[in-house]
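Asker: prediction below, plus the sequence it came from.
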Amino acid sequence: MKVAVFSTKRYDQESLTKYNEHFNHHLQFFDFRLTEQTAKLLEGFDAVCAFVNDDLSAEVLEILASHGVKIIAMRCAGFDKVDLDSARSLGLQVVRVPAYSPESIAEHTIGLMLSLNRRIHRAYQRTREANFSLEGLKGFNFHGKTVGVIGTGRIGIATIRILKGFGMHILAYDPFENPLAVELGAEYTDLDDLYHRADVITLHCPMSAENYHMLDAEAFYKMRDGVMIINTSRGGLIHSQDAIEALKDSKIGALGVDVYENEQELFFEDKSNDVIKDDVFRRLSSCHNVLFTGHQAFLTEEALGNIAETTLNNLAMFEKGKCSGNEIIT
Ligand SMILES: NC(=O)c1ccc[n+]([C@@H]2O[C@H](COP(=O)([O-])OP(=O)(O)OC[C@H]3O[C@@H](n4cnc5c(N)ncnc54)[C@H](O)[C@@H]3O)[C@@H](O)[C@H]2O)c1
């Protein structure tokens, strides 16, 4: 298949090229994002391979379909950027990589928790300047504390497995209870109770119209003072402006985020020579108790390999008229 691969970095190109030896697709890499403008380049392509911040709105999908594209292969788990109704009505298939390595995201989640709690990000800066003062670096034991896990799918379960090792009491919320979570000792409860009791809250649910800004001023109000919040899911789950107010009031004691609601303007690029115009981001990132990573939770050797192999196989199965099991349009 002739595949236009958008938003590629060197690590994507290396893993896709390596695994494509078994598939022989014709891959053309673009380092820029898919937008209404770049979609116009796609005459003669059968497929588009897109990533988390590519634009797959109705307008873009219409351009792709008019150029003869038949399938969108998301090389990620989330598909919140794809207008599925339009894809369906245009006869476009959409495939994804549902589970490339839940442990990669779970381990990054724990990395954010530990760094924030024990102020490792601050200690790193200080010791480089021979400042060995411990003032302001006090943390707390995770052992015996309560963590609330919102979303108990693949990544939520992988995270619970690690949290259990810390000796934490685990609360869980998910509209569909997962027996694996119960087996691991998690206690399912409703959101209000989770907000009320959790010392740490970690988000592992997908982004949807219903849960857009699920953590807003009203939700923060119900939480414990000084709560730690971790988001490695999707930026739109947190109302960033409300989070700033909750940080100012010390309602949020620590915020660790790998995703941000306006990340498409920032993440995956070197902006160190630019003046960042996003004031909300600037205010958040200036807080000593906020730790950002730039959507890197997936970035492990194992995850990249699985993403490449599954994506290329999804396309190969479509070409053969077969199902891979990773179709979103059914
Ligand atoms: N930062 C990264 O690099 C990265 C990488 C992969 C995935 N993700 C994000 O992680 C999310 C979770 O991935 P997964 O593989 O565990 O998905 P999954 O489909 O296995 O699990 C998601 C779970 O969330 C539950 N859920 C849905 N709506 C909910 C709600 N409103 N409240 C609570 N739970 C709800 C579902 O019932 C399901 O059990 C993805 O949707 C994606 O946004 C981020």
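Answerer: Right, received. Where do you want to start? Numbers count the residues shown, from 1 in each chain.

Asker: ok, residue 233 - how many residues close by?
Answerer: Counted with other Cβ atoms under 10 Å, the neighbours of residue 233 add up to 28. For the C-beta atoms, the positions are set from N, CA and C on the backbone; glycine is no exception.

Asker: which residue packs closest to it, ignoring adjacent ones?
Answerer: Leaving aside its chain neighbours, residue 233 sits nearest to residue 203 (4.6 Å; criterion: Cβ to Cβ, 6 or more residues apart in numbering).

Asker: give me the neighbour count for whichever residue of the stretch 151-300 of the chain sits closest to the ligand.
Answerer: Taking Cβ to the nearest ligand atom, the ligand has its nearest neighbour within the stretch 151-300 of the chain at residue 153, 1.7 Å off. Counted with other Cβ under 10 Å, residues neighbouring residue 153 total 19.

Asker: which ones are touching the closest residue to it other than its chain neighbours?
Answerer: Nearest residue to residue 153 in three dimensions, chain neighbours excluded: residue 204, at 6.7 Å (Cβ to Cβ, 6+ apart). Residues near residue 204 by Cβ atoms under 8 Å, 6 or more residues apart in numbering: 105, 109, 149, 150, 151, 152, 153, 155, 156, 159, 232, 233.

Asker: then residue 46?
Answerer: Here residue 46 is in contact with 1, 2, 3, 68, 69, 70, 71, 319 (Cβ under 8 Å, 6+ apart).

Asker: closest one to residue 223 out of those residues, please.
Answerer: residue 71 (42.4 Å; Cβ to Cβ).

Asker: that closest one bridge partners, please.
Answerer: On the basis of DSSP bridges, residue 71 is bridged to residue 47, residue 93.

Asker: wait, it touches residue 92, no?
Answerer: Yes. Counting by Cβ atoms under 8 Å, residue 71 does reach residue 92; the two are 6.7 Å apart.

Asker: can you show me the helices along the stretch 1-150 of the chain?
Answerer: 10-20, 58-66, 84-90, 102-117, 120-128 (DSSP state H, counting those that start in this stretch).

Asker: return the most buried member of these.
Answerer: helix 102-117 (a mean of 21; mean count of other Cβ atoms under 10 Å).

Asker: name the spans of this protein whose pLDDT lies under the cut-off.
Answerer: In the prediction, the chain carries no residues with pLDDT under 70.

Asker: ok, back up a step: so what's the residue of the stretch 151-300 of the chain closest to the ligand up against?
Answerer: With Cβ under 8 Å, 6+ apart, residue 153 has these contacts: 174, 178, 204, 205.

Asker: enumerate the residues of the protein near the ligand.
Answerer: 77-78, 99, 102, 105, 150-156, 173-176, 204-207, 211, 232-234, 258-259, 295, 297-298 (Cβ under 6 Å from any ligand atom).

Asker: 5 Å instead, please
Answerer: 77-78, 105, 150-151, 153-155, 174, 176, 205-206, 211, 232-234, 258, 297-298 (Cβ under 5 Å from any ligand atom).
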